[in-house]
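Engineer: Following is a predicted model, sequence given first.
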Amino acid sequence: MAGQPLSTDSLLAVIRENKQDKAEARALNSLAAGLARTDIPRAIAYLHQDVALCTKTGDTAYLTRAYNQLVTCHLHSGRRDSAGYYLSLLKRMAEESSSVDARTDFHAAAGLFYKIEGNYRAALPYLVASLDDARALAVKDPSMGNRTYLAGQYLNIGNTYTVMADYRKALTYHLQSLHRFEEVANKQGISYCYQGIGGDFLSLGQLSQATEYTRKAIALKTEMKDQRGIGTALKQQGSIFRGAKQWDSALAYYFQALKVFQGMNLKVEEADLDFDIGNVYGDKADVVKARTFLNNSKAVDREMGDSTRYQTAEAALLSLEGRVGRQQQDELRLMSSLKASVESGDREMQLANLQYLSEYYAGVRQYDKALYYTRKYYEMHDSLQGRDVQLQLHKLESQYNVEKKEQEIKLLKEDQQVTRLVLQRDKVLLYGAMVVLGLLVLVGFLMFNRHRVVSNARRIIEMEKMRNTIARDLHDDIGSTLTSINVLSKVALEPSDEGFVRSSLQKIKDRSGAIMEKMDDIVWAINPQHDTMEELLSRMKEFAAELLEPANIDYRFEEKGNLVAMKLDVRRRKELYLLFKEAVNNAMKYSGCHLIVIRLEQEHGSLRMEIVDDGTGFDEGAVRGGNGLNNMRERAATMEGRIVIDSAAGRGTRIVLTAALP
Amino acid sequence: MFGILLYEDNDSLRESLVNLLALSRDFLLLGHFSRAVGVVKQVTEFKPDVILMDIDMPGINGIEAVKQVRTVDKRVQIIMLTVFDDNRHVLDAICAGASGYLLKKHLSDHLSDAIRQVMQGEAPMSPGIARMIVQSMQEQAAQPARAGAADYGLTNREKEILTHLSKGKGLKIIAADLSISIDTVRTHIKNIYEKLQVHSQAEAVSKALNDGLV
C-alpha cells in the first residue's frame, strides 16, 4: 500500500529510539510492508508491536492500516481464521469511525479476504469500493504513493475478472493498471501487469502473445528479485505449455514454481499449483502421480477453507478414477462441486467441473448424461472463447457414435434381444435430439441472415443504378475530355508557334485537372459512408474553403432548419453538390466578388439552397458558352426541383434552388 | 536547397514528378524509387530533408515505410501522397510519424507549396481526417480503462480546433471564429500531429491487444 519504502536501516533506527510516537508507528508499518512478501512471521511481529503502540497512543489511522496488513499476512500464510479475526476488528472500526482511511482499509482487506477464499462474487464489490477510494485519494493528493496504490487497485480488479473469465474486462483493467504503473515508473507494478495480461491471453488461447508477456514478467521480476512473483510467472509459463499440450515442458515450469512457493511457505499458491500439476498428470494419463498431487491440493484447501477449490479437486480425482461402485455418492459430490463453482462465480472451475462430470458419466457408460454435460461444457467453453460450436458438435457426434457402436457389439454378445431394443430407443432419442438441435441452429441462423440479405440486396440494387449512371457519366464526360486532350496533343505536335503550343498545353492541364476532380467526386459519392446530409455539408464547406481562401474571397455558410435530419438519395446528392460547385466556381472565376453567402434551409420537407455573391453580375444573353447555366438548370430538373438564376450587370448574382424531398 | 527523396510505384507519375522537381531551384532530387524496401538504408545514405512517400505501394506500403524511417531519423519531413481522400490511411500515416499529406490531384499546383510548408513546420488537416480523430477519441472515451489516454492528451483548444475542422471550416474561418491568427491555428494543428504520434507509440501495444480481442 505504501510507495517506494524507506531504507530499512533508517526505519530500524527510528524504532530503536522508542519514542512511542507517530513516527515509530509509521516506521513499524513500513518495515512490515517491506517484509510482507519475503518474511511473513517477522512482518507479523512488527505489526503486533504496531498494534500495541497504536492502541496505547490512540492512533486510529495506523491501527487500521496495521489490521489491514495483518489480514493480508495471515491470508498469505494460510491462517484464514486469524485473518478473519482482524477483518472483523477492521469492520467494526470502519463502521464506528467516521474516517475515510478506516473504510478504505476495510474495503481493501475484505476484498483480498474473499478473493483468497475463492469467493470472487463476494470480493468484487469490495474491490470496486477500494478502487473508488483509491481514485478519490489520488485526486485529492496525487503523490507518487497514492498513484501507485491506485494502479494497484486496477490490477486487483483485473485479476479478479480473469478468474471470473471475463477476459475483456480483465484486460481493460490490466491495461489501465499498466498505464498508471508506467506513469509512476513502478517496476513491480509493471511486472504484475505483464503477468496479468499474459494470463488473459492464455485464457483466450493466444499462446504466443501470452508467452511474450509472461517472459517479460519473468525477466522484470527476476531483475527485482521478487521471489513470489517469479514463482507465479513461472507457473503461468507452465500453464501456457499446458495449453499447447506440451506436458513435459509444462511440468518443468510447474516444478520450478513449486520450489519457489515451498521455499517461501506460501500455502495458497502451493495448493493452486498442486491442483494444476495433478491435472497435467491426469492429461498424461499418469493416474498415480495425478492422485498424489490432487490429494496434496485438497489437504491444503481444507486447511485454508477454500471450499470451491477443495470440491473441484475432489471432482478431478473422481473423474480420474471413474469408480462404478460408489456411483451415486460420487455423482452427488460432483454435482455439489459444480453447484459451488456456479455460486462463487468462478467460471474456470465451473468449466472444469462440467468436464469432470461428462468424463465421469462416460466412464460409467451413461452416454446420455455424458453428452448433456459435454454439450454444456462446449456451450460455456465457446461462449468464453468464441470458437465454432458446429465443429465441436460434429466431432462429438462422431466420437459418440464410435463409442456407441463398440458397446452395441459387446452387449449383443451377451444378451441380444433386450439390449438391442434398449439401444435402439436410445439411438432414436439421441438422433432426434441432434436433429432438433441442428434445426434450431439452422432456423436461428436463417432468421439472422434474412435481415442482412434484405438490406444487402437493397444496397446492391441502388449501387447498380448508380453504377450505370457512373458508367454513363464516365463515358460521356470524362471520355470526351480525354479525347479532347488526346486531340490537342496531336495538334500541338504539328509544327506551329510556341504561343499555340503553350496554350494547348495549358488547356491539357486544365482539362486533366478537371477529370481528376470529377473522379474524386464520383468516388466520394459512391461511398455509402457519405450518405448523410452532414457529410455533404462538410464536403461543400471543404470545397468552398479550398477554392475561396486562396483567392481571398470571403464566404460564409448559413444553415436554417433541421438540415441534418434530411435524407438525400444518391442521385439528388450528386446533382445538388455539382450544382453548388458550378455556382461557386462561376462566382469565383467570373464575378470578381468579395463575398459569397451560401444559405441552406429546410422548410416544410423541402430543401432550399441560395448562393449569393456581390460581384459584377452578368447578363445571360451576353454570356458566352452558357453551358454552365444550362447544366445547372438540367441538374435542378433531375432533382425535380426549381431553380431561379437572378443576375444583372452590376447587381451581383443570386441563384436559388428549391427541391422537395420525398 | 532542400534534399528530396521520392517513393512512388506508378512509373508515369514518378517520371513526371522527377521532371517537375528538376525545374525548381529550391529542391534537389537526391533519388527516386519505385519501392520502399530499402528506405532505411537510403535515408541514412542520402540524408534528405523531405521524403515524398506514396501511401499505396506493393511490398512495404507507405505507412510501414514511415515507421521504418522514424526509427533512424526523427527529423526528416515526410509527405504522404494519396490519390483520394483516403482518410483512414492518412491518419495511420500521421500516427506512424508522417509530417503531412498531399492529394495527387493537387500535385502540379501545390507540390512546391506543400514542401515549403512542411519545412516551416506547418501541417495540413482535412475535415475527413479531423473527423476520424474525433471519432477515435469518442470510441476510446467509451472504454473506462483508458480514461487517461482517451483524448491523445490534446488541450481543450486543440480539441476545439479539431471539431471546427471536422465540420469543413477553412483555416481563415476558424481563426476568425476563435479570434486567433491563422498562424496560431496552424501551430495547433502541428501540435495535434505530434501528440498523435507520441500517443500512438505508447498505444501500439494496446492497439494490438484490442485488435486481437475484437
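Structural biologist: Noted; the coordinates are in hand.
Engineer: State whether A:Asn401 is indeed within a helix.
Structural biologist: Yes. Counting by DSSP: H, G, I helix; E, B strand; the rest coil, A:Asn401 is located in a helix.
Engineer: so who does it touch?
Structural biologist: Going by Cβ atoms under 8 Å, 6 or more residues apart in numbering or on different chains, A:Asn401 touches no other residue. The way it works is simple: take the backbone N, C-alpha and C, and place the C-beta from them, glycine included.
Engineer: Roughly how far does it sit from chain B?
Structural biologist: Separation of A:Asn401 from chain B (Cβ to the nearest Cβ, to the nearest Å): 37 Å.
Engineer: How is the chain partitioned into domains?
Structural biologist: No chain was given, so I picked chain A. Per automatic domain parsing, the structural domains of chain A span A:1-117, A:417-526, A:529-660.
Engineer: let's do chain B instead
Structural biologist: Following automatic domain parsing, chain B resolves into domains at B:2-119, B:127-213.
Engineer: Buried deepest among the domains of chain A, which one?
Structural biologist: Looking across those with neighbours counted as mean count of other Cβ atoms under 10 Å in any protein chain shown, the highest average goes to domain A:1-117: a mean of 19.
Engineer: how about low-confidence regions in the stretch 401-550 of chain A?
Structural biologist: In the prediction, the stretch 401-550 of chain A carries residues with pLDDT under 70 at positions A:411-412, A:414-415, A:419-420, A:463, A:466-467, A:470-471, A:473-475.
Engineer: Reformat the domains of chain B as JSON lines; add distance to A:Gly198, mean neighbour count and mean pLDDT.
Structural biologist: Compiled in JSON lines, the domains of chain B are given as follows (distance: least, Cβ to Cβ, whole Å; neighbours: other Cβ atoms under 10 Å in any protein chain shown; pLDDT from 0 to 100):
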{"stretch": "domain B:2-119", "distance to A:Gly198": "25", "mean neighbour count": "18", "mean pLDDT": "90"}
{"stretch": "domain B:127-213", "distance to A:Gly198": "12", "mean neighbour count": "17", "mean pLDDT": "77"}
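Engineer: Identify whichever of those lies nearest to chain A.
Structural biologist: Each of the domains of chain B has some distance to chain A by Cβ to the nearest Cβ; the shortest is domain B:127-213, at 2.8 Å.
Engineer: Tabulate the domains of chain B (JSON lines), appending distance to A:Arg502.
Structural biologist: Shown next, in JSON lines, are the domains of chain B (distance: least, Cβ to Cβ, whole Å):
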{"stretch": "domain B:2-119", "distance to A:Arg502": "15"}
{"stretch": "domain B:127-213", "distance to A:Arg502": "33"}
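Engineer: and the ones you listed as TSV, adding distance to chain A?
Structural biologist: Output for those, formatted as TSV (distance: least, Cβ to the nearest Cβ, whole Å):
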stretch	distance to chain A
domain B:2-119	4
domain B:127-213	3
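Engineer: Would you reformat the domains of chain A as JSON lines and include distance to A:Leu354?
Structural biologist: Putting the domains of chain A into JSON lines (distance: least, Cβ to Cβ, whole Å) gives the following:
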{"stretch": "domain A:1-117", "distance to A:Leu354": "22"}
{"stretch": "domain A:417-526", "distance to A:Leu354": "18"}
{"stretch": "domain A:529-660", "distance to A:Leu354": "45"}
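Engineer: Those domains: which one's closest to B:Ser99?
Structural biologist: Closest to B:Ser99 of the domains of chain A, according to Cβ to Cβ: domain A:529-660, at 20.3 Å.
Engineer: Say whether chain B is contacted by the closest one.
Structural biologist: Yes. Contact between domain A:529-660 and chain B, assessed by Cβ under 8 Å from any Cβ of the partner chain, occurs at A:Leu537, A:Ser538, A:Arg539, A:Met540, A:Lys541, A:Glu542, A:Ala544, A:Ala545, A:Glu546, A:Leu548, A:Glu549, A:Arg556.
Engineer: list the contacts for the first one?
Structural biologist: Residues in contact with A:Leu537 (Cβ under 8 Å, 6+ apart) are A:Phe557, A:Glu559, A:Leu563, A:Val564, A:Leu600, B:Lys167, B:Gly168.
Engineer: Among those, which one lies nearest to A:Val435?
Structural biologist: Among the contacts of A:Leu537, and counting by Cβ to Cβ, the member closest to A:Val435 is A:Val564, at 51.7 Å.
Engineer: That closest one contacts A:Glu535, correct?
Structural biologist: No. With contacts counted by Cβ atoms under 8 Å, A:Val564 stays clear of A:Glu535, the gap being 10.1 Å.
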